[in-house]
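1. sequence and predicted structure below; questions after.
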Amino acid sequence: MSSPRPVPLSDTAPEATSLHASLVAALTPAERTQRMRELTLGASLAALAGLRRRYPGATDRELLLRLAVLRLGAEVVARVYGWRSADGA
C-alpha cells in the first residue's frame, strides 16, 4: 500500500516536506495512533482553554458540553445530553 502524497505547504521547503513524509511513513501503526492521540488531546486542551477564557464562570461540565457543541454541533448535544447553552452558543 503506497503512502499518500504529501500536500505541498507554501511556506515549507519541498525537501522538508519530503523528509517529514518519510519520517511519518516510517512510523509503526501504534506510533501513528499515539501521535494522533497526542495531537487530539492537545487540540482539546487548547479548545478548553479558549472556552475557559470565553466563559470564566462556567463549570467543568458546562465547558465539556461546550466543547462537545464545537465538535458535534448544538443539535446533537441537545439530543444526546439534553443540554443547550443559555446564550445559544
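-> Arrived safely, thanks for sending.

2. contacts for stretch 28-37, please.
-> Under the criterion CB atoms under 8 Å, 6 or more residues apart in numbering, residues 24, 27 lie in contact with stretch 28-37. For the C-beta atoms, the positions are set from N, CA and C on the backbone; glycine is no exception.

3. what's the average pLDDT for it?
-> The predicted model assigns stretch 28-37 a mean pLDDT of 97.

4. only alpha carbons, please: show that stretch as CSV.
-> Extracted in CSV, the C-alpha atoms of stretch 28-37 (Å, rounded to 0.1, in the frame of the first residue of the first chain):
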residue,chain,number,x,y,z
THR,A,28,4.5,1.9,13.1
PRO,A,29,0.7,1.9,13.2
ALA,A,30,0.9,2.1,17.0
GLU,A,31,3.3,5.1,16.8
ARG,A,32,0.9,6.8,14.4
THR,A,33,-2.0,6.2,16.6
GLN,A,34,-0.1,7.5,19.6
ARG,A,35,0.8,10.7,17.7
MET,A,36,-2.8,11.2,16.6
ARG,A,37,-3.9,10.7,20.2
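
5. centre of the chain to that stretch, how far?
-> Between the centre of stretch 28-37 and the centre of its chain there are 15 Å (CA atoms, centre = their mean, to the nearest Å).

6. flag every buried residue along that stretch.
-> Buried residues in stretch 28-37, counting neighbours by 16 or more other CB atoms under 10 Å, are absent.

7. check stretch 12-25 too.
-> Buried residues in stretch 12-25 (16+ other CB under 10 Å): none.

8. where does the protein have low pLDDT?
-> Scanning the chain with the threshold set as pLDDT under 70 gives 1-9.

9. longest helix anywhere in it?
-> helix 29-54 (DSSP state H).

10. and the next helix or strand past that helix?
-> helix 60-72 (DSSP states H and E).
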